[in-house]
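K.L.:
Predicted model follows, preceded by the sequence.
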Amino acid sequence: MNAFPPRKLVADGIYSLVPHPIYFGFVLQCLGVSLYAGSAGGAFLTTPLVAVGAAALAAGHENIRLQERFGRLPSPALGSKRLLLPILKVLGLASLGQFLLRRVEVLANSWKSCRLGPVRIMNHFWFSGLAGGLGAFLVVLVSGREHVGTVSWMMLAGLVGAALVGQALVGKQGSLSRPFGYFGGVLGIIAAGWVLSFHTGGVLLVLTAFCLAGPWVQAIGRLRCIVQGCCHGMPAPRSRGIVVNNPHSRVLSLAGFGGIPIYPTQLYSILGNLFLGLLLVRLWRAQASMTLISGLYLTLAGAVRFFEEGYRGEPMTRVVAGLRLYQWFAVGMYAAGMVAMMFDAPPVPPVDFASLPAAFLAGGVFFLVCGLALSADFPESRARFSRLSG
């Protein structure tokens, strides 16, 4: 991000203690000002979010550029290599990481399909369906059965937005004519919520419920991405990457990375979203305000996405002013979350389990809708939106 990048790697002085002293000092300053002002929100909300934003910028962009420029990174006393790696080894998490990599690699080479006449249904149908079905189920459950119609319209708007924005940003790329974009789905849901707010009440609650469901939908949906090969990483060291050889995967058909270790970016997304999902469930159970829950989702999901995008390797993703296009979307998402948390809002209601039948019905419908939209295509057709894979 420096207009005048350094010509040599500095690893002595303050850089021998901390990897990013300006960010480190700014986070400490935020904490100090919060304590001086007696601000619990500053100490327990603003300071951690500033730290997360700085970490996402460093890990998702600056460290990558430093590695490209100098071939290595500093190893300061308070850096992750010195502090975290010994802890991970003691807890056995290093071996768990290798186990997860190998499981992801197996899943990434598992693409299969079956035919029903002109229709091809891919084996990631279950992941696509479960992501959409669980999302609709959770949103109706926590917002209430009286909002099932609003939820349904917003789910459909999210699918349409994901398809339209995916087409606008990626377009037709060889064997791919039906791309879907996460940010398009978010924009579609927000746009539908804005329109519906003129005709019905409770839209803010429904939007907050979508934020609660978002991490779980994204985590499960990333399993579909692993099988399909979308959102894949760039070349990586073998110890940190997965190898894909299935010819139907987009890793081969679009990027040409067959047999080359690549970063498991979908796994990064899954782990980040699982943590975020648990945090938001805890806040919903504590009946936090709607804007706190929705703002935290936007902010933390934006940080996770910024980091993940730094290691993405899809050739159709454009680079704008030094950042991948979706990293700019993630920055906007992070900022929108900060703005949302500045506003007061009522607390979320407790879960009413009388909404379970309506939630199961909505979940079943959107299991089929999302499964067919994201995992079924017409391989012989050359029409727009007809093909999902090679």
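P.N.:
Structure received.
K.L.:
Residue ranges of each domain in this protein, please.
P.N.:
With domains defined by automatic domain parsing, the chain comprises 13-86, 92-377.
K.L.:
most neighbours per residue, which of these?
P.N.:
Greatest average neighbour count among the domains of the chain goes to domain 92-377 (a mean of 19), per mean count of other C-beta atoms under 10 Å. Bear in mind the C-beta positions are built from the backbone N, C-alpha and C, glycine included.
K.L.:
how far does that one stretch from start to finish?
P.N.:
Taking C-alpha to C-alpha, to the nearest Å, domain 92-377 runs 43 Å from one end to the other.
K.L.:
Just the mean pLDDT for that domain, thanks.
P.N.:
Domain 92-377 carries an average pLDDT of 92.
K.L.:
Mind telling me what element Ile293 is part of?
P.N.:
Element membership of Ile293, judged by DSSP states H and E, is helix 290-309.
K.L.:
Can you show me the CA trace of that helix as PDB?
P.N.:
What follows is helix 290-309, C-alpha atoms only, in PDB (Å, rounded to 0.1, in the frame of the first residue of the first chain):
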ATOM      1  CA  MET A 290     -30.100  -5.600  15.400                       C
ATOM      2  CA  THR A 291     -27.600  -3.100  14.200                       C
ATOM      3  CA  LEU A 292     -24.800  -4.600  16.300                       C
ATOM      4  CA  ILE A 293     -25.400  -8.100  14.900                       C
ATOM      5  CA  SER A 294     -25.800  -6.900  11.300                       C
ATOM      6  CA  GLY A 295     -22.900  -4.600  11.600                       C
ATOM      7  CA  LEU A 296     -20.600  -7.200  13.100                       C
ATOM      8  CA  TYR A 297     -21.500  -9.600  10.300                       C
ATOM      9  CA  LEU A 298     -20.700  -7.100   7.600                       C
ATOM     10  CA  THR A 299     -17.500  -6.000   9.200                       C
ATOM     11  CA  LEU A 300     -16.100  -9.400  10.100                       C
ATOM     12  CA  ALA A 301     -17.300 -11.200   7.000                       C
ATOM     13  CA  GLY A 302     -15.600  -8.300   5.000                       C
ATOM     14  CA  ALA A 303     -12.400  -8.900   6.800                       C
ATOM     15  CA  VAL A 304     -12.500 -12.700   6.200                       C
ATOM     16  CA  ARG A 305     -13.300 -12.100   2.600                       C
ATOM     17  CA  PHE A 306     -10.500  -9.600   2.100                       C
ATOM     18  CA  PHE A 307      -7.900 -12.100   3.500                       C
ATOM     19  CA  GLU A 308      -9.300 -15.000   1.500                       C
ATOM     20  CA  GLU A 309      -9.300 -12.900  -1.800                       C
END
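K.L.:
Following that helix in sequence, what is the next regular element?
P.N.:
Scanning onward from helix 290-309 (DSSP H and E), the first element met is strand 319-320.
K.L.:
Counting by contacts, list what whichever strand or helix holds Gln67 packs against.
P.N.:
Under the criterion of DSSP H and E, Gln67 resides in helix 63-70. Using 3 or more C-beta pairs under 8 Å, 6 or more residues apart in numbering; DSSP states H and E, no helix or strand is in contact with helix 63-70.
K.L.:
All further residue positions should be reported with the first residue as 17.
P.N.:
With 17 as the first residue, the last one maps to helix 79-86.
K.L.:
Dump the C-alpha coordinates for the helix or strand following it into PDB.
P.N.:
Sequence-wise, the next helix or strand downstream of helix 79-86 (DSSP H and E) is helix 96-106. Extracted in PDB, the C-alpha atoms of helix 96-106 (Å, rounded to 0.1, in the frame of the first residue of the first chain):
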ATOM      1  CA  SER A  96       3.000 -15.400  14.300                       C
ATOM      2  CA  LYS A  97       5.800 -17.800  13.500                       C
ATOM      3  CA  ARG A  98       7.500 -17.200  16.900                       C
ATOM      4  CA  LEU A  99       4.300 -17.100  19.000                       C
ATOM      5  CA  LEU A 100       1.600 -19.100  17.300                       C
ATOM      6  CA  LEU A 101       3.400 -22.000  15.700                       C
ATOM      7  CA  PRO A 102       4.800 -23.400  19.000                       C
ATOM      8  CA  ILE A 103       1.300 -23.100  20.500                       C
ATOM      9  CA  LEU A 104      -0.300 -24.900  17.500                       C
ATOM     10  CA  LYS A 105       2.200 -27.700  17.800                       C
ATOM     11  CA  VAL A 106       1.600 -28.200  21.500                       C
END
